[in-house]
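Engineer: Sequence first, predicted model second:
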Amino acid sequence: MPARTPEVDLLLCCARVSKEAGSADHIGAIIRKGIDWEHLLRMASEHRLAPLLYWQLSGAPAPIVPKNILDRLRSHFDNNRLRNLYLSGELLKLLGELGAHGIPALPYKGPVLAALAYGNLALREFGDLDILLHRRDVLRAGELLTSLGYRSQYRMTKSQEAAFMRYERQYPFMRGDGCAVELHWTVAPWPVSFLLDSAHLWERTRKAGLGGGSVSTFSPEDLILTLCVHGSAHLWERLGWVCDVAEVVRVSSRDVDWERLVERADALNIKRMLFLGLFLANELLGTDLPELVLHQARLDRGVRVLAAEVSKRLFLEAKPQEVLEEVASWGFHVQSMERLRDKLRYCIHRATTPNSIDWDLMPLPAALFPCYRVLRPIRLVGRFGRSLVGSRYDGGNKQLRSA
């Protein structure tokens, strides 16, 4: 568990939609211990939980929350609600345009997750619109977005764009008003994108209400799997991602075939990632889980070790250096996999498969894109080497200064 400061306790207590009996009294008891309100607001912002913090604190007995703090949270809540309504309307327009051009699309996360799991668009923060497409349709969808005023975040020729599609997993677009859209052809984040095949997601869709209508999105089982893989890929650095899993389980648990879900996760070699996300939701937020699932998660020592690491890092204010963070992510990802062949495949994939940083640092014509598989390892070795030498040099300077 994270360090038990009153601020952490309060954020954990407020990171949920439901207002259970006695929760207001519990919140009041935590606040009476003394709260560093600025620190709490910073944590809520970092973990994308400010709307839920306001949702819960607005029901606390007055005047236990300082008025200026509640006013700031209310202003953020109202602004988030208006922005989310705007983005939801934009998503519905985009889906309509894609459908009119014969392009199947599945929105997920963003407003769809807010409506489906939180029941209120104002209660979840999101920064962009995520849409899953078939790979064959991505470039055509990109042209459509361009005609609607969006611009690609990458500057590429048509031939470079086609080569880019073989290596990347998403294509980001931005409009002048700040509306961001990410076109995905696989839902697993880049470092672990080889694990989760998106083809099966199209076979088990469900309807979710949005803006007075409905849109097709992932089944509850697929949504839980996707969220757990996403959180594990990003080392569960945000409590908001744990909250997403907790809320989906809360509203969908009765509709989930838990035995089939575990079997599918096992077949995809993401069972430990699934168990880790569910374990964190239970440990941090008290999410009710089927005993069989919780028992299996607790039996996996790897899950317990990874959960302890997540909990230790979750509320650290001093973030490690970027290179050290990247090295830590390699170790975390490898430990979250169970089969040796997948660990090896991951290391090879991450060492040789280019990403957006490589495109920007070393722009190559399409014909030379295969060279990235050689250039990327060289770049990584050079980057880690410079950081190691720099850290040793700084350490030596510190010793000289201390002498």
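Structural biologist: Nice, I can see it.

Engineer: which residues touch Ile196?
Structural biologist: Small correction: residue 196 is Leu, not Ile. Applying Cβ atoms under 8 Å, 6 or more residues apart in numbering, one finds that Leu196 lies in contact with 186-188, 225-226, 229, 268, 270. Bear in mind the C-beta positions are built from the backbone N, C-alpha and C, glycine included.

Engineer: mind listing which of these are in helices?
Structural biologist: Residues of the contacts of Leu196 located in helices (DSSP state H): 225-226, 229.

Engineer: Can you flag the buried ones in these?
Structural biologist: Among the ones in helices among the contacts of Leu196, the ones that count as buried by 16 or more other Cβ atoms under 10 Å are 225-226, 229.

Engineer: Which one of these is nearest to Glu259?
Structural biologist: When those are compared for distance to Glu259 (Cβ to Cβ), Leu225 wins out at 14.1 Å.

Engineer: Can you give the domain ranges for the protein?
Structural biologist: Per automatic domain parsing, the structural domains of the chain span 1-65, 82-193+205-217, 219-353.

Engineer: and the ones you listed as a markdown table, adding mean pLDDT and distance to Leu73?
Structural biologist: Below are these laid out as a markdown table (pLDDT from 0 to 100; distance: least, Cβ to Cβ, whole Å):
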| stretch | mean pLDDT | distance to Leu73 |
| --- | --- | --- |
| domain 1-65 | 88 | 4 |
| domain 82-193+205-217 | 90 | 12 |
| domain 219-353 | 90 | 15 |
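
Engineer: Tell me which of those domains approaches Leu364 most closely.
Structural biologist: Comparing these by their distance to Leu364 (Cβ to Cβ), the top pick is domain 82-193+205-217, with 7.9 Å.

Engineer: Out of the domains of the chain, which gets nearest to Pro365?
Structural biologist: Between Pro365 and those, the shortest separation by Cβ to Cβ is 6.8 Å, and it involves domain 82-193+205-217.

Engineer: end to end, how far does the closest one reach?
Structural biologist: When the termini of domain 82-193+205-217 are compared using Cα to Cα, to the nearest Å, they are 23 Å apart.

Engineer: Tell me which stretches of the chain form strands.
Structural biologist: Along the chain, counting by DSSP state E, strands occupy 106-108, 129-132, 150-152, 170-175, 180-184, 205-210, 213-218.

Engineer: Quick one: list the elements packing against the third one.
Structural biologist: Taking 3 or more Cβ pairs under 8 Å, 6 or more residues apart in numbering; DSSP states H and E as the contact definition, the neighbouring helices and strands of strand 150-152 are strand 170-175.

Engineer: Name the strands paired with the strand it packs on and say parallel or antiparallel.
Structural biologist: strand 150-152 (antiparallel), strand 180-184 (antiparallel) (DSSP bridges).

Engineer: Buried deepest among these, which one?
Structural biologist: Among these, judged by mean count of other Cβ atoms under 10 Å, the one packed with the most neighbours on average is strand 180-184 (a mean of 20).

Engineer: Can you tell me the closest non-neighbouring residue to Gly110?
Structural biologist: For Gly110, ignoring the flanking residues on the chain, the nearest one in space by Cβ to Cβ, 6 or more residues apart in numbering is Phe126 at 4.6 Å.

Engineer: can you check Asp130 too?
Structural biologist: In space, not counting the residues next to it along the chain, Asp130 is nearest to Lys109; the distance is 4.6 Å by Cβ to Cβ, 6+ apart.

Engineer: now that neighbour: how far from Leu87?
Structural biologist: Computed with Cβ to Cβ, to the nearest Å, the distance linking Lys109 and Leu87 is 12 Å.

Engineer: do Met174 as well
Structural biologist: Where Leu87 is concerned, Met174 sits at a distance of 13 Å (Cβ to Cβ).

Engineer: So between these two, which is more surrounded?
Structural biologist: With neighbours defined as other Cβ atoms under 10 Å, Met174 and Leu87 compare such that Leu87 has more, 22 against 17.

Engineer: Tell me the spacing between Glu237 and Leu52.
Structural biologist: Per Cβ to Cβ, Glu237 is found 18 Å from Leu52.

Engineer: I should have written Gln335 there, sorry.
Structural biologist: Separation of Gln335 from Leu52 (Cβ to Cβ) stands at 30 Å.

Engineer: Could you check which of those two is surrounded by more residues?
Structural biologist: Leu52 (26 against 17).

Engineer: so which of the strands paired with strand 170-175 gets nearest Leu95?
Structural biologist: Nearest to Leu95 among these is strand 180-184 (11.1 Å), distances taken as Cβ to Cβ.

Engineer: Need the nearest residue in space to Ala50, chain neighbours excluded.
Structural biologist: Ala44 (4.4 Å).
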